[in-house]
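Asker: have a look at this fold, sequence not included:
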């Protein structure tokens, strides 16, 4: 954990915060912190800074916090990803948060099993918890926004055009197209990533009709989590 | 599964192969294959090609195989990675195989818990199984070689110099150094990746004394599996 995330409910008054839940346990057992210890803390969707422990006993910890730093900048890529199976979705959410993605669109596609949309992980609280795991690793406070689009064609035809009105639209697809460029300066984009087995040709074509261009991630077939991580890791500046 | 991996023990005679284990079950239940169905197959550490089902019953499948294609080329990067905790190691092994890494060195480092070296996953058979999961995803046949180095300094001083005699040596480390370059042509390298929390300054210095240069992966702290995936995804050509 590289940052301890706080919510407004944690505030007692002024700059004093009280924790009694798993975060208290983490501070006590994992960090072995004592009165006077300073920790990196942040308010979810707010500033980051330092929390200094003023009291700790068997059931709670009190901290005095100072939040003066802005969270790190957003990743220049937003992502539209064909909904993966639940086990992989958890990792996807963590990766998206870890890289500071602003918005993730989970979309339907021909090769997405309909049952995936029933996953309890798609409920808001569960998505937030999975994202939080990523924020805690990378030391960020800003929750990516996650939107769900259960029909492919309406997403592509009605929603996508507005999403790429101020940025490039790119679909990554196995094949002979040039690889997705790396480290482009001032390059905001929405990247579309298919399901295991890829988008079907009709889907690629439909996206291209909206002005999306096709790029590859090299000659290998990559699994969905690996492809997502690769896309985000291509743009490090 | 994008390739069905075979070993020499599977051969009956000539070009005929018999499977009775989980691969048989995969062919029958997941793929729903019948007599005449062709599958992508490959011999571990050998060629790839096609297997055509000649007989299938409740306990076995027979295939006629033709293996005439070479496996895909190796990734230009070898990796030296501080041993991660067992759960993450499994994913690391899959990623390494998925990208076609030739050699993975698992190394000790100050922030690696000694107990990690006791993980049953480090036994040869278990490593092979985890690697195989990656090969099956990417459609490759060549097992990465995995070496274990339980002492940091002897690895850096006695083994590393030979490993980087014919290629660049780069240590990726959070900080202000330039980001690891992307898509360099004809660029073989050994990339050193630290544990959660990073290499300690002394370790970075020791590696630099052997001619290794320092690069970053951007300003964010990335977890080990994300850092590894990012490193490999920076070099797609």
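Answerer: Arrived safely, thanks for sending. Computed from a predicted structure; not experimentally measured.

Asker: now the strands for chain A?
Answerer: In chain A, the strands defined using DSSP state E lie at A:4-6, A:11-13, A:16-19, A:38-43, A:48-56, A:61-69, A:77-82, A:103-107, A:145-149, A:168-172, A:189-193, A:213-215.

Asker: can you list contacts of the third one?
Answerer: Put plainly, it is strand A:16-19. A:6, A:10-12, A:27, A:41, A:51, A:54, A:60-65 (C-beta atoms under 8 Å, 6 or more residues apart in numbering or on different chains). The C-beta positions use only the backbone N, C-alpha and C, and glycine is treated the same way.

Asker: next, the buried residues of it.
Answerer: A:17, A:19 (16 or more other C-beta atoms under 10 Å in any protein chain shown).

Asker: check the fifth one too.
Answerer: Going by neighbour count (16+ other C-beta under 10 Å), the buried part of strand A:48-56 is A:48, A:49, A:51, A:52, A:53, A:56.

Asker: try the fourth one
Answerer: Applying a neighbour-count criterion of 16+ other C-beta under 10 Å, the buried positions in strand A:38-43 are A:39, A:41, A:42, A:43.

Asker: avg pLDDT for that strand?
Answerer: Here strand A:38-43 scores 96 as its mean pLDDT.

Asker: now do the same contact list for residue A:196.
Answerer: Residue A:196 sits next to A:84, A:85, A:111, A:223, A:224 when contact means C-beta under 8 Å, 6+ apart.

Asker: list buried residues within the residues you listed.
Answerer: Buried, going by 16+ other C-beta under 10 Å: A:84, A:223, A:224, out of the contacts of residue A:196.

Asker: so which of those residues belong to helices?
Answerer: residue A:224 (DSSP state H).

Asker: could the buried ones among the contacts of residue A:196 go into TSV alongside distance to residue A:121 and pLDDT?
Answerer: Below are the buried ones among the contacts of residue A:196 laid out as TSV (distance: C-beta to C-beta, whole Å; pLDDT from 0 to 100):
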residue	distance to residue A:121	pLDDT
A:84	10	97
A:223	18	93
A:224	15	96
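
Asker: just the buried ones among the contacts of residue A:196 that are near chain B?
Answerer: Here is what survives when the buried ones among the contacts of residue A:196 are matched to chain B using C-beta under 8 Å from any C-beta of the partner chain: residue A:223.

Asker: relative to chain B, which of the buried ones among the contacts of residue A:196 is nearest.
Answerer: Distance to chain B across these (C-beta to the nearest C-beta) is lowest for residue A:223, with 5.0 Å.

Asker: please look at residue A:155 and residue A:108 and confirm they touch.
Answerer: Yes: the criterion here is C-beta atoms under 8 Å, and residue A:155 meets it with residue A:108 at 7.4 Å.

Asker: what touches both of the two?
Answerer: residue A:149.

Asker: return the helix or strand in chain A with minimum mean pLDDT.
Answerer: The weakest-scoring helix or strand in chain A, judged by mean pLDDT, DSSP states H and E, is helix A:22-25 (a mean of 92).

Asker: interface residues of chain A facing chain B?
Answerer: Applying C-beta under 8 Å from any C-beta, we find that chain A lies next to chain B at A:2, A:72, A:95, A:98-100, A:137-140, A:179-180, A:182-183, A:216-223, A:226, A:229-234, A:236-237.
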